[in-house]
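Undergrad: 3D, please:
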Amino acid sequence: MPSVTLPPFPSDVPTHPLLVVDYALIKANDRTEIDKLWKAATEIGFWYLKNHQVDPNEMFDMGVETMNMPTSEKVKFEQGDGGMSHGYKAIGANAVDDTGALDTVEYINIAKDDAFAYPKVARRSYPAATNARMESTIAPFIRKSTEVNMVLIEIFNDRLGLPKGALAQRHSPEELSGSEARCTKTPPKPQGMSEELRAIGAHSDFGSMSFLHNRLGGLQVLVPGTEKWQYIKVNCIYPFEPQPIPGHAICNVGDAMALFSGGILRSNIHRVVTPPGDQAKHERWSLVFFTRPGDSIILRALVEDSPLIAEAVKKSEDPAKYETGSTSFEWFARRTKNQRIKNRTGPETWQASRGTEHQPAAS
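TA: Next comes the predicted model:
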C-alpha cells in the first residue's frame, strides 16, 4: 500500500474497551490468559489478540492490486445473487438495513478451498491480480489465520466440556466450507457530508471465528444490554502501526459457535460506519479471515455432548433457536443471498439475511 501517514483515532470519540488476549500465552496453556479469553468470548464476543505472528501487510497489498483493476474486469468475478460469498463484490450490491439503503464498500472474498487447491478451482475463479498472489500471499495468510482460529476454538471446546476434538471435527480442512479471506476497501466520506455512512449494516458474523486486521476506525459494536453503538478503537499510523493497536488483531465469535455452545459463546451484533474525525478523509482498508464449519455440518447446540451446553439451552428463553435444522452451507447461502439488493422484496428480505443476534431496530 502507499506509504502514507494516517491520522490516529480521535481521542475525543468514546470507544468500548476490549480485553487484550495474548496468543502466545494461550498456546502455552496459561490458565489466567485462558480465563480472560473465556470472559471476552462469553460477555461481548470481541477481544484484541496480540502476539499472533500473522502479518497482514502483503494481503493489504493484494487488495489494493485487485481493487485497482478496471471495474469491467472485476465484475467478471462478481459473487452474483445466488448465495455465493466467494468472489468480488461491487459497491452498492448489498443492503445495509431493511429500507434497502445501499452499502458503500467493495471487497474480494477468497475461499480457503480455492487458495489451497490453486491452480485447480474448488469453488470459483478470481481476478488476475488476486491469482497472482494466491500461492505467495493468500494461501500462507489463510493457513496461519486458520491455525490461530483453531487454537482458540480448541480452548472453547475444552471449556464447554465437549469431547476432545468435537469442534475441530466440525471444521475439518478436508471438507469444503465457507471459510474465506476478505479484503475490503471503503472510500473516504464525501466532502461536505456530515452524517456517518453505513459501510456494512448491523449483523452478527456468519461463521465460527473472525480474525480481523483494520486500518482506520469504523467498526462499532452494540454492547449487550444497551441500545447505543460504540466504536472499537483503531489507532494506526501506516506503515509502522498496521493494526488497531500495534501488533493487535480483533477477534470475534460468530453465529455457528454461538449455536454450537447453546448461546454460552456470544456472537455479538456489529456494523461498519464512516471512520471518525480526520480518519473519514481517507480510504479505509480491512482484512478478515472467517473460519466457518464444513458445508454439511448441522448448526445446532451440542447438548448431547456437554452438560454445560444442555443446561444453557434449558435455561434459554427460546431453546428452539438452537435447533436450526440448517446446514452450515444453507445458513450461509441464505444470509448471503438475502442481503443482495437485487433479491430484495421488502423489509423481510433484510431480516432473512440476519443472524443469531438479529435485532429488527438495529441499523
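Undergrad: confirm residue 47 sits in a strand?
TA: Yes: remark: residue 47 belongs to a strand, assigned using DSSP: H, G, I helix; E, B strand; the rest coil.
Undergrad: from residue 27, how far off is it?
TA: Look at residue 47 and residue 27: by Cβ to Cβ, to the nearest Å, they are 16 Å apart. The way it works is simple: take the backbone N, C-alpha and C, and place the C-beta from them, glycine included.
Undergrad: the two - which one has more neighbours?
TA: Remark: of residue 47 and residue 27, residue 47 carries more neighbours, 22 against 15, as counted by other Cβ atoms under 10 Å.
Undergrad: give me the distance between the more buried one and residue 231.
TA: Taking Cβ to Cβ, one finds residue 47 at 16 Å from residue 231.
Undergrad: my guess is residue 125 contacts residue 86. True?
TA: No: using Cβ atoms under 8 Å, residue 125 is not in contact with residue 86; the gap is 9.8 Å.
Undergrad: the two: which is more packed in?
TA: Neighbours were counted for residue 125 and for residue 86 using other Cβ under 10 Å; residue 86 has more, 23 against 13.
Undergrad: any idea of the pLDDT on that one?
TA: On the pLDDT scale, residue 86 is placed at 98.
Undergrad: with the one 3 residues further on instead?
TA: At residue 89, the pLDDT value in this model is 98.
Undergrad: kindly report the same for residue 359.
TA: Looking at residue 359, its pLDDT stands at 78.
Undergrad: cool, residue 336 as well?
TA: pLDDT, residue 336: 97.
Undergrad: could you do residue 242 as well?
TA: For residue 242, the pLDDT comes out at 38.
Undergrad: so where does residue 156 fall, helix or strand?
TA: helix 139-159 (DSSP states H and E).
Undergrad: next up, the contacts around the closest residue in space to residue 222 that isn't next to it in sequence.
TA: Using Cβ to Cβ, 6 or more residues apart in numbering and skipping the chain neighbours, the partner closest in space to residue 222 is residue 269 (4.6 Å). Neighbour list for residue 269: 202, 203, 204, 221, 222, 357, 358, 359, 362 [criterion: Cβ atoms under 8 Å, 6 or more residues apart in numbering].
Undergrad: grab the most central residue of this structure for me.
TA: Among the residues of the chain, residue 210 comes closest to the average C-alpha position under Cα atoms, centre = their mean, at 4.3 Å.
Undergrad: that residue: which element?
TA: Under the criterion DSSP H and E, the helix or strand holding residue 210 is strand 209-215.
Undergrad: give the pairing partners of that strand; include direction for each.
TA: Sheet pairing of strand 209-215 (DSSP bridges) gives strand 248-253 (antiparallel), strand 284-291 (antiparallel).
Undergrad: beyond the longest one, next helix or strand please.
TA: Pointing back at strand 284-291 there. Remark: after strand 284-291, the chain's next helix or strand is strand 298-300, criterion DSSP H and E.
Undergrad: quick one: low-confidence ranges for the protein?
TA: 1-4, 192-196, 234-247, 363 (pLDDT under 70).
Undergrad: mind running it again at 80?
TA: Where the chain drops to pLDDT under 80, the residues are 1-5, 7, 190-198, 234-247, 359-361, 363.
Undergrad: show me where it has its helices.
TA: Assigned by DSSP state H, the chain shows helices spanning 23-27, 31-43, 57-67, 71-74, 112-117, 128-131, 139-159, 166-169, 255-260, 307-315, 328-339, 347-352.
Undergrad: out of the ones you listed, which is the most enclosed?
TA: The highest average neighbour count among those, using mean count of other Cβ atoms under 10 Å, belongs to helix 255-260 at a mean of 28.
Undergrad: other SSEs contacting that one?
TA: Counting contacts by 3 or more Cβ pairs under 8 Å, 6 or more residues apart in numbering; DSSP states H and E, helix 255-260 is packed against strand 298-300, helix 328-339.
Undergrad: ok, and what's touching it?
TA: 45, 153, 156, 160, 167, 170, 204-209, 265-267, 292-293, 297, 299-302, 309, 322, 324, 328, 331, 355-357.
Undergrad: isn't residue 200 right next to residue 102, touching?
TA: No: Residue 200 is beyond contact range of residue 102, at 11.3 Å (criterion: Cβ under 8 Å).
Undergrad: neighbour count: the two, which is higher?
TA: Neighbours were counted for residue 200 and for residue 102 using other Cβ under 10 Å; residue 200 has more, 21 against 14.
Undergrad: skipping its backbone neighbours, what lies nearest the more buried one in space?
TA: Spatially, and ignoring its direct neighbours in sequence, residue 200 is nearest to residue 272 (4.1 Å; Cβ to Cβ, 6+ apart).
Undergrad: show me what contacts that neighbour?
TA: By Cβ under 8 Å, 6+ apart, the contact list for residue 272 reads 105, 186, 198, 199, 200, 218, 219, 220, 286.
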